[in-house]
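Engineer: structure for this input, please:
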Amino acid sequence: MRGASRRGSVGHQKVFGIGFHKTGTSTLKSAVSTLGYTFAPRFRVEGEVIEAELVERAIQIADTVDAVQDNPWPFLYRELDGAFAGSKFILTVRDTDEWWVSLLGHFGGKSTDMRTWIYGVGDPEGHEDLYKKRYEAHNAAVMEYFADRPDDLLVFAITEGEGWERLCPFLGEPTPDIPFPHRRPHTNDGLGQRLGRRLRGLFATR
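Structural biologist: Prediction:
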């Protein structure tokens, strides 16, 4: 049973970024912050994860802000949905191979408790298939979960240039008269656009 609707500090609906790291999560935070939403501080997962304690802590944090993004939030979308009815969820996506290259370049050679919890192995080096399968499985699970609620989920290909024209109508916000704050240049090979269109097409037909 989903909880009562609870709004953030300035009257916004809650916005939960549930895309994997390296899919434009920093840009999402910049954009949504520009619209006036407050974000949760960095949320670390260290040591052995006790799921019940993690969920309790996450809900307590989410109750004090308008929006969240990046780990561990993507893996708590069911619990957040149950606790905060009427919320908006944003699944940032990019082509799997592009995502892997970005992730490996940023995190390769280093292991963290957070990534161990997410993937089972903390260091991505040498574990390409494992990481890719986990990434794709998450996106598929989110799409399945929101299959009958298209107004609650935005599939957002930020790294391929999508911006205000998709974000603002989804949130019901006016479009700012400033450029969308892309943190990194988007590529031009169309892989992300095709991914976004394919996922949105699947979503629309469910």
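
Engineer: SS state for Phe16?
Structural biologist: Phe16 falls in the strand class when you classify it by DSSP: H, G, I helix; E, B strand; the rest coil.

Engineer: which helices and strands does the longest helix seen in the chain pack with?
Structural biologist: For the chain, the helix with the greatest residue count under DSSP state H is helix 128-145. Where contact means 3 or more CB pairs under 8 Å, 6 or more residues apart in numbering; DSSP states H and E, helix 128-145 is packed against helix 77-83, strand 88-92, helix 96-107, helix 113-119, strand 153-156, helix 191-205. For every residue, glycine as well, the C-beta is placed using N, CA and C.

Engineer: to Ile50, which of those lies closest?
Structural biologist: Nearest to Ile50, of all the helices and strands packed on helix 128-145, is helix 113-119, at 10.7 Å by CB to CB.

Engineer: can you show me the CA trace of that closest one as CSV?
Structural biologist: Output in CSV follows, covering the C-alpha atoms of helix 113-119 (Å, rounded to 0.1, in the frame of the first residue of the first chain):
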residue,chain,number,x,y,z
ASP,A,113,31.3,-1.1,-0.5
MET,A,114,28.6,0.7,-2.5
ARG,A,115,29.5,-1.0,-5.7
THR,A,116,30.0,-4.4,-4.0
TRP,A,117,26.4,-4.0,-2.7
ILE,A,118,25.1,-3.1,-6.2
TYR,A,119,27.1,-5.5,-8.4
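
Engineer: quick revisit: and the longest helix of the chain, what's buried?
Structural biologist: Across helix 128-145, burial judged by 16 or more other CB atoms under 10 Å covers Tyr131, Lys132, Arg134, Tyr135, His138, Asn139, Val142, Met143, Tyr145.

Engineer: pLDDT weak spots in the chain?
Structural biologist: 1-11, 49, 183-206 (pLDDT under 70).

Engineer: let's see 80
Structural biologist: Low-confidence segments of the chain, defined by pLDDT under 80, span residues 1-12, 42-51, 182-206.

Engineer: if we can go back for a sec, then the longest helix of the chain to CSV, C-alphas only?
Structural biologist: Output of helix 128-145 as CSV, limited to C-alpha atoms (Å, rounded to 0.1, in the frame of the first residue of the first chain):
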residue,chain,number,x,y,z
GLU,A,128,32.2,-6.1,-17.8
ASP,A,129,29.4,-8.7,-18.3
LEU,A,130,28.4,-8.6,-14.7
TYR,A,131,28.2,-4.8,-14.6
LYS,A,132,26.3,-4.6,-17.9
LYS,A,133,23.8,-7.2,-16.9
ARG,A,134,23.1,-5.4,-13.6
TYR,A,135,22.7,-2.1,-15.4
GLU,A,136,20.3,-3.5,-18.0
ALA,A,137,18.3,-5.5,-15.5
HIS,A,138,17.7,-2.4,-13.4
ASN,A,139,16.4,-0.4,-16.3
ALA,A,140,14.1,-3.3,-17.3
ALA,A,141,12.8,-3.7,-13.7
VAL,A,142,12.0,0.0,-13.4
MET,A,143,10.2,-0.1,-16.8
GLU,A,144,8.2,-3.1,-15.7
TYR,A,145,7.3,-1.6,-12.3
